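S.K.: predicted model, plus sequence, below.
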Amino acid sequence: MNITLVQGGKEHIEDCITALTTSALGEKYFPSREKAYNGIIEFVEHGTLLIARDDRKRFIGFLCYLENGAFHAFPYLHILAISATKRGKGYGNATMDVFEKMMFRAKDKIFLVVADFNPRAQHFYLQRGYQAVGTIPDLYRAGIAEHLMMKIKPDENNGKE
């Protein structure tokens, strides 16, 4: 599976909104197209919306990140959303492979948070070598805890993740 990440622009917003609003994350945090638009457009404006495309340049999904968004020092993955028709087929892992490779060129850690209502996402990131390093209650919504997760750059000499 060959995935490329390209900088996203306003021309990608509709595909991104659809992918986000049909996800578990979107259902809780972005329940309307307007909220999804507002959540994505700031990343377009900052140049940190990345579009995942397949070999034929078809939209697979997207991610939004902040280059130094974790502790003003490390990349912070804010949103990963894969198109509903592509979920469960390895596209999320392939997208993360490319993203992590990009981020680990300059930094040795990547951070993200995963909500307690999303055990599927928690499992996904744990399987990818992320560690739960803390829990933040009520971070974005009252009654929803976010699990802070971190991945350390794999040691290139032994291949461990």
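M.R.: All right, it came through fine.

S.K.: and the helix or strand bottoming out on mean pLDDT in the chain, what other elements does it pack with?
M.R.: Across the helices and strands of the chain, mean pLDDT, DSSP states H and E gives its lowest value to helix 24-29, namely a mean of 93. Under the contact criterion of 3 or more Cβ pairs under 8 Å, 6 or more residues apart in numbering; DSSP states H and E, helix 24-29 touches helix 13-21, helix 33-46, strand 74-82, helix 119-127. Where you see a C-beta, it was placed from the backbone N, CA and C, and this is true even at glycine.

S.K.: show me what counts as buried in it.
M.R.: Buried residues in helix 24-29, defined by neighbour count with 16 or more other Cβ atoms under 10 Å: 25-26, 29.

S.K.: low-scoring pLDDT stretches of the chain, where are they?
M.R.: Within the chain, the ranges that satisfy pLDDT under 70 run 157-161.

S.K.: any idea which residue sits dead centre in it?
M.R.: Geometric centre of the chain, nearest residue: residue 80, 2.7 Å, by Cα atoms, centre = their mean.

S.K.: need the distance between the two termini of stretch 16-26.
M.R.: The first and final residues of stretch 16-26 sit 11 Å from each other (Cα to Cα, to the nearest Å).

S.K.: quick one: residues in contact with that stretch.
M.R.: Under the contact criterion Cβ atoms under 8 Å, 6 or more residues apart in numbering, stretch 16-26 has outside partners 8, 27, 30-33, 36-37, 39-40, 49, 51, 59, 61-62, 79, 81-84, 115, 117-118, 120-121.

S.K.: which members of the residues you listed are classed as buried?
M.R.: Among the contacts of stretch 16-26, those classed as buried by neighbour count (16+ other Cβ under 10 Å) are 8, 30, 36-37, 39-40, 49, 51, 59, 61-62, 79, 81-83, 115, 118, 121.
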